[in-house]
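**Student:** I would like the atomic coordinates for the input below:
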Amino acid sequence: MKRIISPALFALTFLFTLSLFAADAPDIASEKKKLDGTWVGGVKGGSGGPGGGGAGKGKAKGKGPGGGGGGNASGYMVNITEFVIKDGKITAKGDRNSDFGAGTYTLNLGLKTLDATGIGGKFAGKSYLGIYKLNGDTLEWCMGNPGIARPTDFHTTPQVQFHMVLKRQPPAAAK
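**Tutor:** Reported below is the predicted structural model:
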C-alpha cells in the first residue's frame, strides 16, 4: 500500500525548513554590521606555524600590536593603514597609500568563514577563502591566496596565506 504524506505535515515540514534558513539572515546582517567600520593593523609575520610565530621565530624588530615576526617597527610584515568594511564591500590600503584593492565578501557564521572576491584591477574575479574571529574591536582574518585552500588556523605562510590583525578605529578617526 502506498503512503502519501498529508498536505498539512508537508506544509509544516516545509515551513520549518524555511525558518531554519531564514533565521541566519538576521544573524548575518547583525555580524556584517559588527564588521562595518574602519580598521588598521597589519599582516602578522612569517611562517612560524599556528599562532603567528614568524620570521626569526617571533623575534620582531618592533613590538606592535601584531606580535612577533615582522620586518618593520610595528611588528607587522605588512602594514594596513586603512581597511574599510562597509555595505558588503572591503577596501584596503597600506603604507604610502598603496592600494591593496577592493572586493565583496560573504560570511558563514557556523563555520566562521569570511570569503572575499576582488572587484577591480588585478584582483577582479579572484577569490580569497578565509576564516575570521571578531573579539570586540579586534578582527583577525586569515585568508589564502587565490587557488589556495581555506586556512584552518591563524598564521602567515608567505605566498600561501596571510593572518591579518586589525583594530577598529573610532568613528571620529574614520575617513
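**Student:** From here on, just use CA atoms for contacts and neighbour counts.
**Tutor:** Will do.
**Student:** Tell me where the chain has helices.
**Tutor:** 7-35 (DSSP state H).
**Student:** Strands along that one, start to end?
**Tutor:** Taking DSSP state E to define them, one finds strands in the chain at 37-44, 76-86, 89-94, 99-108, 113-118, 127-128, 130-135, 138-144, 161-168.
**Student:** Reformat the ones you listed as JSON lines; add distance to Thr152, mean neighbour count and mean pLDDT.
**Tutor:** Output for the strands of the chain, formatted as JSON lines (distance: least, CA to CA, whole Å; neighbours: other CA atoms under 10 Å; pLDDT from 0 to 100):
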{"stretch": "strand 37-44", "distance to Thr152": "16", "mean neighbour count": "25", "mean pLDDT": "96"}
{"stretch": "strand 76-86", "distance to Thr152": "20", "mean neighbour count": "22", "mean pLDDT": "93"}
{"stretch": "strand 89-94", "distance to Thr152": "22", "mean neighbour count": "18", "mean pLDDT": "94"}
{"stretch": "strand 99-108", "distance to Thr152": "14", "mean neighbour count": "17", "mean pLDDT": "93"}
{"stretch": "strand 113-118", "distance to Thr152": "10", "mean neighbour count": "21", "mean pLDDT": "97"}
{"stretch": "strand 127-128", "distance to Thr152": "14", "mean neighbour count": "22", "mean pLDDT": "97"}
{"stretch": "strand 130-135", "distance to Thr152": "7", "mean neighbour count": "18", "mean pLDDT": "97"}
{"stretch": "strand 138-144", "distance to Thr152": "9", "mean neighbour count": "23", "mean pLDDT": "98"}
{"stretch": "strand 161-168", "distance to Thr152": "10", "mean neighbour count": "24", "mean pLDDT": "97"}
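**Student:** can you put those in CSV and add distance to Phe154?
**Tutor:** Supplementary listing: these in CSV, determined by distance: least, CA to CA, whole Å:
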stretch, distance to Phe154
strand 37-44, 9
strand 76-86, 15
strand 89-94, 20
strand 99-108, 17
strand 113-118, 12
strand 127-128, 15
strand 130-135, 8
strand 138-144, 6
strand 161-168, 6
